[in-house]
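J.: Provided below for reference: sequence and predicted model.
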There are 2 protein chains.
Amino acid sequence: MKVLLVYAHPEPKSLNGSLRDFTVERLERAGHVVQVSDLYAMKWKAPLDADDSVERLSDERFYPSRESKHALENGLQSDDIVREQEKLVWADAVILQFPMWWFSMPAILKGWVERVYAYGFAYGVGEHSDARWGERYGEGKFAGKRAMLVVTTGGWESHYSPRGINGPMDDVLFPIQHGILYYPGFDVLPPFVVYRTSRIDDTNYAQVRDALGQRLDELWTTAPIPFRQQNAGAYTIPQLTLRDEVAPGKAGFAAHVE
Amino acid sequence: MKVLLVYAHPEPKSLNGSLRDFTVERLERAGHVVQVSDLYAMKWKAPLDADDSVERLSDERFYPSRESKHALENGLQSDDIVREQEKLVWADAVILQFPMWWFSMPAILKGWVERVYAYGFAYGVGEHSDARWGERYGEGKFAGKRAMLVVTTGGWESHYSPRGINGPMDDVLFPIQHGILYYPGFDVLPPFVVYRTSRIDDTNYAQVRDALGQRLDELWTTAPIPFRQQNAGAYTIPQLTLRDEVAPGKAGFAAHVE
């Protein structure tokens, strides 16, 4: 199988760097083909802006989604964006690996999402009608592909527990797992999270590595998070609220998981 | 009073650009002093990396938090970071204004947070003991200052309602409001959110502008979101989970609001 690893850490000699090298080796040994987008090494341009296409629809006013649509449809996207889109289309599975900084992904990775996820590619796909609200949340360009987060954090696991001060890890990651991965159609696997990174020494590094290795071995068999499909009946359209009979009385992120 | 507006949109002739200009004018007319950090216009460097200090602690290995601490303590931070920190110290209130892209802030603004929020400035502040876990979540450098988000989104309000498919807006913004603003001590006001931006025309722009104007007029009197202070008794230390008697039976982001 083909795996794209999108990796965002500035230092190769870091815990993240070690886990990245381990991931590539483990997957290749199992016979998979791996491509790595090492965003810092690539000096990835983070900000989405008017330079993202080689010829604009309007020089009067930069309207991000319209320019993105125009550039995708007319082959006017900048080369760095096209290359990443080709990797996404190529891959059977995508892993996003990053240190959690301020409760989200590093800016350089956020900028990869914003620029590579073009209109007509990752959003603005499909018809909007009384029965369907585009192909998203369970449908879309990446349907049939798998995705998984590999995340490191200095915080303790208890800080991210159901009553922990940072909020439950599932909820902290929901905007990424549901909003960035499930939205364009990926089947999203449970995340692999390393807590309390400052305490990782030679002894427990081996434990972390082995646990990650097992997750990589099971990349094709692990059950995805059962997010609810948008157009399969659970939601009213176009309000996109859960129908009364679905998860009655529940609200918040967890209500969108079956 | 002194207000810092940190603004992240690539096009001045946009809805965001209009609301920014209106905000500055409204606040100045009321006698306040406003500074704007227009990140796209400043060509703000988004990725946090080894170039963020003029002289490194270690050339062997770039360890972000250690280098940040070393640079802050020894006056070695790059000038662009120092200037933004001075604005934050100067301000009585901070407004972050941005279009919501992929359920979070644009990469360029995330990179502002990562680089300006230095170790010893916005995190790594205060003692860690059995009674206190640093000065954070209600204490810290920005205690006594106010902060507010001004956010635009193409999605409908119902899509962000308690049972809406994107998740409740309060939860989508929690990692920012609680994790980025309350963490270093800001009193966080309820956000000002503009939904369904593609439908904003001359008629309802006036409504949006007037509603924002009212929020700006009440910037000093609006009650902040009552997030729970970390070191005031609601949490066990160092596990940082809510004590059993606090919000019994509740879990998730909402449990951290009184």
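T.: Great, that's in hand.
J.: list the contacts of residue A:94.
T.: A:3, A:4, A:5, A:6, A:88, A:142, A:145, A:146, A:147, A:148, A:181, A:186 (Cβ atoms under 8 Å, 6 or more residues apart in numbering or on different chains). Every residue, glycine included, has its C-beta placed from N, CA and C.
J.: ok, the fifth one touching residue A:118?
T.: No: with contact defined as Cβ atoms under 8 Å, residue A:88 does not reach residue A:118; the gap is 10.6 Å.
J.: compare those two (neighbour count), which wins?
T.: In terms of neighbours (other Cβ atoms under 10 Å in any protein chain shown), residue A:118 is the more surrounded of residue A:88 and residue A:118; the figures are 24 against 20.
J.: how about the strands of the stretch 51-200 of chain A, start to end?
T.: Secondary structure of the stretch 51-200 of chain A by DSSP state E, counting those that start in this stretch: the strands cover A:93-99, A:146-152, A:187-188, A:192-194.
J.: can you redo those as a markdown table with mean pLDDT?
T.: As requested, the strands of the stretch 51-200 of chain A are exported to a markdown table (pLDDT from 0 to 100):
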| stretch | mean pLDDT |
| --- | --- |
| strand A:93-99 | 98 |
| strand A:146-152 | 98 |
| strand A:187-188 | 98 |
| strand A:192-194 | 98 |
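J.: CSV please, covering those and showing distance to residue A:172.
T.: Below are these laid out as CSV (distance: least, Cβ to Cβ, whole Å):
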stretch, distance to residue A:172
strand A:93-99, 13
strand A:146-152, 9
strand A:187-188, 15
strand A:192-194, 10
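J.: of those strands, which is nearest residue B:11?
T.: strand A:93-99 (28.3 Å; Cβ to Cβ).
J.: what residues are up against the closest residue in space to residue A:227 that isn't next to it in sequence?
T.: Distances taken as Cβ to Cβ, 6 or more residues apart in numbering or on different chains place residue A:182 nearest to residue A:227, at 4.9 Å, with adjacent residues excluded. The neighbours of residue A:182, taking Cβ under 8 Å, 6+ apart as the test, are A:137, A:138, A:188, A:225, A:227.
J.: show me where the stretch 101-250 of chain A dips below the pLDDT cut-off.
T.: Along the stretch 101-250 of chain A, no part satisfies pLDDT under 70.
J.: contacts only, for the residue positioned nearest the centre of chain A.
T.: Nearest residue to the geometric centre of chain A (Cα atoms, centre = their mean): residue A:181, 4.3 Å. Contact analysis of residue A:181 by Cβ under 8 Å, 6+ apart lists A:94, A:96, A:147, A:149, A:188.
J.: quick check: the gap between residue A:79 and residue A:71.
T.: Going from residue A:79 to residue A:71 by Cβ to Cβ, to the nearest Å gives 12 Å.
J.: the more surrounded of these two?
T.: Each of residue A:79 and residue A:71 has its neighbours counted (other Cβ under 10 Å); residue A:71 has more, 23 against 8.
J.: quick check: that one touching residue A:58?
T.: No: assessed by Cβ under 8 Å, residue A:71 is found out of contact with residue A:58, at 12.0 Å.
J.: ok, the contacts of residue A:94 vs residue B:31, which is closest?
T.: Using Cβ to Cβ, the contacts of residue A:94 come closest to residue B:31 at residue A:181, 47.2 Å.
J.: within range of chain B, give me the residues from the stretch 51-200 of chain A.
T.: Contacts of the stretch 51-200 of chain A with chain B, taken as Cβ under 8 Å from any Cβ of the partner chain, map to A:60-65, A:101-104, A:106-108, A:110-111, A:113-114, A:117, A:137, A:154, A:156, A:158-159, A:161-168, A:171-172, A:174-176, A:178-180.
J.: buried subset of those residues?
T.: Neighbour counting with 16 or more other Cβ atoms under 10 Å in any protein chain shown marks A:62-64, A:101-104, A:106-108, A:110-111, A:113-114, A:117, A:137, A:154, A:156, A:158-159, A:161, A:163-168, A:171-172, A:174-176, A:178-180 as buried within those.
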